[in-house]
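**Student:** build me a model from this:
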Amino acid sequence: AEDKPGYFSIVGGYGAVYYDGNLDNLDYGDGAFVGLGFPFSANKVAPKILRNAELSLGVFVNDFEIDGRDFTGPIVGRPVFVGLDYKLFSFVRLNAGAVFLEEDDGGDISLGDLDTSVRVRPFIGLSAKLNLSLSLDK
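**Tutor:** Now for the predicted structure:
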């Protein structure tokens, strides 16, 4: 079998999550995040926009306090994000995507609340990335 090199990256940065309101009264949370980035294309002949873009998945390091309420996230107990990141400079990237939030009610959750407790909100951020390569069997 022939080895085909591949890579993904570790992404770390700082972002802000819009929750509610308008420019005069904005409710948002902000904090550090970490995740993994998966390139759309590593092929040198691919369009530059694809070579510079990645799909990123990860978590915010801390929960958010927004408008006096605490928000965690589903699955791992921290706000979870999925988004796109795009290279601005050599290793600085612009991130944009969606964050999945759950209001922290102190652990009092019932099965009937599961479908309404997760909220999806947009976020933006700046990050840096570290590429990790691995060998994939073809």
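**Student:** next helix or strand past the worst-scoring helix or strand of the chain on mean pLDDT?
**Tutor:** Lowest on mean pLDDT, DSSP states H and E among the helices and strands of the chain sits helix 114-117, with a mean of 58. Per DSSP states H and E, helix 114-117 leads on to strand 118-137 as the next helix or strand towards the C-terminus.
**Student:** which strands or helices does that next one pack on?
**Tutor:** If you count contacts as 3 or more C-beta pairs under 8 Å, 6 or more residues apart in numbering; DSSP states H and E, strand 118-137 packs onto strand 3-22, strand 25-39, strand 80-87, strand 92-103. For every residue, glycine as well, the C-beta is placed using N, CA and C.
**Student:** list the buried ones in the second one?
**Tutor:** For strand 25-39, burial by neighbour count (16 or more other C-beta atoms under 10 Å) applies to 29-31, 33, 35, 37, 39.
**Student:** ok, those residues vs Leu94, which is closest?
**Tutor:** Within the buried residues of strand 25-39, proximity to Leu94 (C-beta to C-beta) peaks at Gly37, which comes in at 12.5 Å.
**Student:** who's in contact with that closest one?
**Tutor:** 8-11, 54-56, 85, 129 (C-beta atoms under 8 Å, 6 or more residues apart in numbering).
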